[in-house]
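Undergrad: Pasting the sequence and the predicted coordinates here, then a few questions.
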Amino acid sequence: MTFDDMRHKLRMMFAGGGLNSAIDALAHRIDRNLMLFGNRVYDLQSGESVELPESDNGAHIHENAVADAVASLLGADADHHCIQLLLPCSEFLAQPVSLPGLSAGDMKSALKLQVATRLPEQDHDLALCLTHNPFAGHPAEAIVWWLPTLRADRLFAALEAKSIYLAAIMPRSAWLAHAIAGKNKARIPVLVDQDEHMQTVLGQVAEPASTDGETLRLNCLQTAVADLADAETAKSWQTELAQWGLETAEISFTQAQDYLRFARAHDLPVLDANISCHAIYPQGALDARHKLDRGQRRTMILKVAAGIAGLLMLPVLYQSWQLSSLGSELEQLHQSSSEPRSNQSAVRDFETQWGVFTEFPEQNVIDVMLALQQMINPGVLSTFSIDEGMISIEGESEDPQNVLELLEQHPMFTEVDFARATNNNRYFIDLRLATVNFPAYQEWHFPGQRQ
């Protein structure tokens with residue numbers, strides 16, 4: 001796939017479903033350019049051809065005969081192709097038109113509205129394609145090729161019955177003129193297309209009033225070959241050609257091989273979407289393309305909706321992934337901590353069973369006695385008792401108040417106070433060891449049993 005193909009696909013993906021977008025899409029899908037000339041159908045790419053039934057060798061070949069020949073030419077993979085069919089000019093009515101002030105795109109719409117006035121004798125629907133004058137001085141000048149809509153629809157239906165997709169129809173002379181103008185960017189020479197039914201003369205010629213020969217008009221005339229057998233008619237034909245500047249044929253095409261040789265010699269593009277977009281597109285082909293576009297747009301909308309939903313779900317999915325990762329990490333931590341927790345349980349069991357002994361508060365009686373002796377001296381300690389950290393002392397001193405103050409200042413003791421009034425030099429003092437906490441020990445090891 002080329003870069004241009006990728007760019008076109010992206011552009012068509014976001015284009016609307018209008019007529020122009022459908023035609024553009026079909027023009028890019030065409031992969032076979034087939035030409036009907038005489039009683040044969042030719043593939044312009046390979047040069048291969050297939051003959052039509054003898055009974056159908058007329059000015060208007062039956063659609064089923066065309067479908068049979070095309071199917072035979074394409075072979076087993078006929079249903080894989082999207083074709084453009086170049087019909088004889090005898091199938092079309094050509095008219096030079098000029099609509100000043102209109103763009104090339106608006107000309108087709110305007111001409112469809114003017115069918116009744118331009119062709120009052122036609123009582124059926126007509127389809128059209130345009131060959132624009134490539135000369136920059138006349139952008140609104142063209143040759144309009146009229147084809148009965150019924151003919152295009154029947155050709156599409158006949159080929160569809162063979163599983164062949166007919167996308168576009170063009171006059172073979174119009175295709176050649178577009179190919180020459182697009183390839184060489186030069187004047188379209190006077191081309192003569194003649195088979196056994198119709199002679200068509202098409203070309204760019206200088207205007208009679210043009211002195212420099214650079215102002216070019218695009219003209220086209222048609223006549224039945226049978227009428228040229230009459231001398232007077234042939235003379236009138238040549239006079240009319242001269243009036244339009246088409247009397248001198250520069251290139252003549254009287255058989256299919258002339259088209260094939262000319263296309264090869266000048267390296268003309270057999271497949272070119274820029275040329276095919278000027279063709280007639282049967283309504284069946286347009287309807288099928290619109291249906292496909294609607295399906296593609298629905299698919300694209302669903303994809304966009306799915307993408308948006310996915311974006312909205314990303315935070316939830318990310319959080320789920322995080323929770324899953326954290327759960328896995330927690331499980332790993334739980335497994336790796338099983339041994340420490342087991343050891344912790346063993347320690348707790350040990351503390352539960354032996355803590356009542358190992359954690360029993362140490363009262364250090366000897367240290368207590370030594371500390372008391374230092375503060376009581378030179379007094380006399382007559383009574384000493386210690387129980388669960390509570391100490392009661394009785395003794396004699398010349399200054400009992402001083403003993404009390406010394407005991408309050410010592411870090412080993414707390415809650416120092418006279419147990420009862422002193423009697424002369426005799427004192428009674430209660431105090432508690434600051435280094436032990438029997439109430440906490442009892443609460444931890446004997447909860448609910450503390451009195």
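TA: Yes, it's here.
Undergrad: who does residue 396 bridge with?
TA: Beta bridges link residue 396 to residue 380, residue 426, judged by DSSP bridges.
Undergrad: Please identify the helix or strand for residue 176.
TA: helix 172-184 (DSSP states H and E).
Undergrad: same for that helix, what does it pack against?
TA: Contact partners of helix 172-184 among helices and strands, from 3 or more C-beta pairs under 8 Å, 6 or more residues apart in numbering; DSSP states H and E: strand 32-37, strand 82-87, strand 126-132, strand 191-194, strand 198-206, helix 256-265, helix 273-276. Quick note: C-beta positions are derived from backbone N, CA and C, even for glycine.
Undergrad: quick one: residue 187 from residue 126, how far?
TA: The spacing between residue 187 and residue 126, counted by C-beta to C-beta, to the nearest Å, is 29 Å.
Undergrad: the more surrounded of the two?
TA: A side-by-side neighbour count of residue 187 and residue 126, using other C-beta atoms under 10 Å, places residue 126 first with 22 against 18.
Undergrad: For the helices and strands packed on helix 172-184, could you give me JSON lines that also reports distance to residue 151 and mean pLDDT?
TA: Converted to JSON lines, the helices and strands packed on helix 172-184 look like this (distance: least, C-beta to C-beta, whole Å; pLDDT from 0 to 100):
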{"stretch": "strand 32-37", "distance to residue 151": "12", "mean pLDDT": "94"}
{"stretch": "strand 82-87", "distance to residue 151": "9", "mean pLDDT": "93"}
{"stretch": "strand 126-132", "distance to residue 151": "8", "mean pLDDT": "90"}
{"stretch": "strand 191-194", "distance to residue 151": "19", "mean pLDDT": "94"}
{"stretch": "strand 198-206", "distance to residue 151": "15", "mean pLDDT": "90"}
{"stretch": "helix 256-265", "distance to residue 151": "21", "mean pLDDT": "93"}
{"stretch": "helix 273-276", "distance to residue 151": "19", "mean pLDDT": "90"}
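Undergrad: need the ones you listed in JSON lines with distance to residue 246, can you?
TA: As requested, those are exported to JSON lines (distance: least, C-beta to C-beta, whole Å):
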{"stretch": "strand 32-37", "distance to residue 246": "22"}
{"stretch": "strand 82-87", "distance to residue 246": "21"}
{"stretch": "strand 126-132", "distance to residue 246": "15"}
{"stretch": "strand 191-194", "distance to residue 246": "9"}
{"stretch": "strand 198-206", "distance to residue 246": "5"}
{"stretch": "helix 256-265", "distance to residue 246": "18"}
{"stretch": "helix 273-276", "distance to residue 246": "23"}
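Undergrad: Can you tell me which of those is nearest to residue 141?
TA: Proximity to residue 141 (C-beta to C-beta) singles out strand 126-132 among the helices and strands packed on helix 172-184, at 7.3 Å.
Undergrad: okay, now residue 129: neighbour count?
TA: Residue 129 has 24 nearby residues by other C-beta under 10 Å.
Undergrad: what sits against it?
TA: Contacts of residue 129 were listed using C-beta atoms under 8 Å, 6 or more residues apart in numbering, and they are 144-145, 147, 169-171, 174, 278-280.
Undergrad: can you redo those residues as CSV with neighbour count, pLDDT and distance to residue 82?
TA: Supplementary listing: the contacts of residue 129 in CSV, determined by neighbours: other C-beta atoms under 10 Å; pLDDT from 0 to 100; distance: C-beta to C-beta, whole Å:
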residue, neighbour count, pLDDT, distance to residue 82
144, 22, 93, 25
145, 28, 94, 21
147, 20, 93, 20
169, 25, 95, 13
170, 25, 95, 14
171, 27, 95, 20
174, 27, 93, 20
278, 22, 90, 17
279, 25, 91, 12
280, 23, 91, 15
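Undergrad: Filter those residues down to just the ones in helices.
TA: Helix and strand membership here follows DSSP state H; of these, those in helices are residue 174.
Undergrad: measure residue 301 to residue 376 for me?
TA: When distance is defined by C-beta to C-beta, residue 301 is 102 Å away from residue 376.
Undergrad: So for residue 331, which of the helices and strands packed on helix 172-184 sits nearest?
TA: Across those, the minimum distance to residue 331, taken as C-beta to C-beta, is reached by strand 82-87, at 60.5 Å.
Undergrad: Now do that closest one against helix 172-184, angle only.
TA: Relative orientation of strand 82-87 versus helix 172-184 (axes from the mean of the first three to the mean of the last three C-alpha atoms, to 10 degrees): 110 degrees.
Undergrad: which residues make contact with strand 82-87 from outside it?
TA: Taking C-beta under 8 Å, 6+ apart as the criterion, the residues outside strand 82-87 that touch it are 26, 29-36, 44, 66, 70, 74, 147, 155, 159, 164-172, 175, 276, 279.
Undergrad: hang on, the earlier thing: check which residues of the helix holding residue 176 are buried.
TA: Neighbour-count burial for helix 172-184, with 16 or more other C-beta atoms under 10 Å as criterion, is recorded at 172-181.
Undergrad: Nearest residue to residue 83 in space, please, no chain neighbours.
TA: For residue 83, ignoring the flanking residues on the chain, the nearest one in space by C-beta to C-beta, 6 or more residues apart in numbering is residue 32 at 4.4 Å.
Undergrad: so what's the one you found up against?
TA: Residue 32 makes contacts with 43, 45, 74, 81-84, as judged by C-beta under 8 Å, 6+ apart.
Undergrad: Need the single longest helix in this protein, by residues.
TA: With DSSP H as the criterion, the chain gives helix 283-336 as its longest helix.
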